[in-house]
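> Kindly generate the corresponding structure for this input.
(one chain, ligands or ions: 1)
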Amino acid sequence: MLRLSRVLLILDRVKLLDLAIKLKSPNLVVIAYHNVGHHNSYVQTFEEPIIPALIEKQILFLLGSGYIVTSLGEALSILAENPREKIAVITFDDGYKGVYKYAYPILRKHHIKATLYLTAGFIRHRVAPWWEQLYYIISRAEKEGKLHKLTELITQIRGNSWILHETQASCLKSWIESVVRAMDVHELRGLVNTLSETLDIKVPEDLYSTIMLDLNEIKDMVDYGFEVGGHGLWHVNLSILNNDRLTEEVKESLDFVRTLYKGIYTFAYPFGIYNDLVIEVVKSSGFKAAVTLDPHLNYLSTNIYMLGRIPPYKFNLKDIASFKYLLIKY
Ligand SMILES: [Zn+2]
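Below you'll find the predicted structure:
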């Protein structure tokens with residue numbers, strides 16, 4: 001059987017992928033990176049890191065294909081002047097330390113700027129993202145042989161609607177994904193506390209500083225030319241909030257971003273989730289554009305509050321031919 005990766009390699013060799021990209025000619029390609037690092041790193045995070053060499057490969061490909069590679073605010077300014085320009089935007093969500101450690105030196109080397117989407121509450125209070133706190137507890141529970149107790153506890157919390165068939169940490173990862181999208185901040189805090197107390201596993205105080213950016217690192221990147229965009233106050237699903245909480249999340253997010261960076265303010269919906277009301281509040285608060293995690297390319301006709309982003313970390317064929325394929329497929 002001819003596998004997709006083999007077909008892509010053949011198409012890449014005879015330049016057919018490049019031709020297809022040229023014909024499709026999107027105005028704006030936005031790449032959504034999250035964590036950056038090496039897979040064998042001693043610090044394991046929920047968010048699987050993308051390896052630095054792959055980012056460099058992708059950037060070199062974009063530059064070599066005639067794209068201007070930059071931050072979102074700058075891309076919007078360039079497109080306002082010249083709508084026919086081809087621009088690729090680099091974004092990093094959530095503010096993982098690996099961005100400073102591994103990606104920033106690569107971007108500097110190629111004189112490229114990027115947009116960092118940062119969550120105000122996490123950085124202000126040095127609180128690790130909910131999914132990382134829960135992942136830490138689950139990983140420790142697995143190591144300490146407490147997974148059975150943990151799954152019992154989860155079933156109790158959720159009632160009979162949630163029955164875990166497996167007590168594997170990998171299965172619990174998808175549980176984390178679902179709860180962080182379903183709960184508001186006070187529920188998430190409560191959940192972390194309940195799990196922590198019942199299992200007698202404390203989330204270490206330095207979890208934040210071990211895996212997330214500190215303010216000096218952010219300021220360093222901003223001084224170089226990176227933009228900071230809003231990513232909510234507590235990184236919750238904005239579409240489940242009432243009006244007051246929604247407005248608080250967006251407004252506080254903008255206030256926070258303003259303390260770090262002056263320029264065009266853009267927003268990344270937490271988890272990429274949005275609806276009409278969320279868009280309305282983001283727009284009326286003063287953000288000039290917003291990015292989703294909908295995996296599509298952007299054209300002049302695309303709604304500027306619904307910009308699509310390509311998720312390279314989800315792609316399992318880790319070579320440049322498959323990355324080119326992504327740019328055509330979406
Ligand atoms: Zn995020």
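
> Find the nearest non-adjacent residue to the spatially most central residue of the chain, please.
Against the mean C-alpha coordinate of the chain, by Cα atoms, centre = their mean, the closest residue is Asp93 at 3.5 Å. Leaving aside its sequence neighbours, Asp93 sits nearest to Tyr117 (Cβ to Cβ, 6 or more residues apart in numbering; 4.7 Å). (Each C-beta comes from the backbone N, C-alpha and C, glycine too.)

> Can you tell me what sits against the strand or helix carrying the one you found?
Secondary structure assigned from DSSP states H and E places Tyr117 in strand 115-118. The contact list for strand 115-118, computed with Cβ atoms under 8 Å, 6 or more residues apart in numbering, reads 71-73, 89-95, 99, 213, 218, 221, 226-231, 256-257, 260, 266-268, 291.

> Using CSV, list the CA coordinates for it.
Written as CSV, here are the backbone C-alpha positions of strand 115-118 (Å, rounded to 0.1, in the frame of the first residue of the first chain):
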residue,chain,number,x,y,z
THR,A,115,2.9,37.0,18.5
LEU,A,116,2.8,35.5,22.0
TYR,A,117,-0.8,34.8,23.3
LEU,A,118,-0.6,35.0,27.1
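
> other SSEs contacting the very next helix or strand once past it?
Next helix or strand after strand 115-118 toward the C-terminus (DSSP H and E): helix 120-125. Contacts defined by 3 or more Cβ pairs under 8 Å, 6 or more residues apart in numbering; DSSP states H and E place helix 120-125 against helix 243-260.

> mind listing what's buried in the helix it packs on?
For helix 243-260, the neighbour count (16 or more other Cβ atoms under 10 Å) marks Arg245, Leu246, Glu249, Val250, Glu252, Ser253, Leu254, Phe256, Val257, Leu260 as buried.

> now those residues in JSON lines, with distance to Ile279 and pLDDT?
Output for those, formatted as JSON lines (distance: Cβ to Cβ, whole Å; pLDDT from 0 to 100):
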{"residue": "Arg245", "distance to Ile279": "16", "pLDDT": "98"}
{"residue": "Leu246", "distance to Ile279": "11", "pLDDT": "98"}
{"residue": "Glu249", "distance to Ile279": "14", "pLDDT": "98"}
{"residue": "Val250", "distance to Ile279": "11", "pLDDT": "98"}
{"residue": "Glu252", "distance to Ile279": "18", "pLDDT": "98"}
{"residue": "Ser253", "distance to Ile279": "14", "pLDDT": "98"}
{"residue": "Leu254", "distance to Ile279": "15", "pLDDT": "98"}
{"residue": "Phe256", "distance to Ile279": "20", "pLDDT": "97"}
{"residue": "Val257", "distance to Ile279": "18", "pLDDT": "97"}
{"residue": "Leu260", "distance to Ile279": "24", "pLDDT": "96"}
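
> Take these and lay them out in CSV including distance to the ion.
Below are the buried residues of helix 243-260 laid out as CSV (distance: Cβ to the ion, whole Å):
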residue, distance to the ion
Arg245, 18
Leu246, 17
Glu249, 13
Val250, 15
Glu252, 16
Ser253, 12
Leu254, 16
Phe256, 15
Val257, 14
Leu260, 17
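
> of those residues, closest to Leu79?
Closest approach to Leu79 among the buried residues of helix 243-260 (Cβ to Cβ): Val257, at 21.2 Å.

> that older thread, where does the residue nearest to the centre of the chain fall, phi/psi-wise?
For Asp93, the backbone dihedrals are phi -90, psi 150 (criterion: degrees, to the nearest 10).

> where's it relative to the ion, distance?
According to Cβ to the ion, to the nearest Å, Asp93 stands 4 Å off from the ion.

> Same question for Thr119.
Applying Cβ to the ion, the value for Thr119 to the ion is 7 Å.

> likewise Asn242?
Taking Cβ to the ion as the measure, Asn242 falls 21 Å from the ion.
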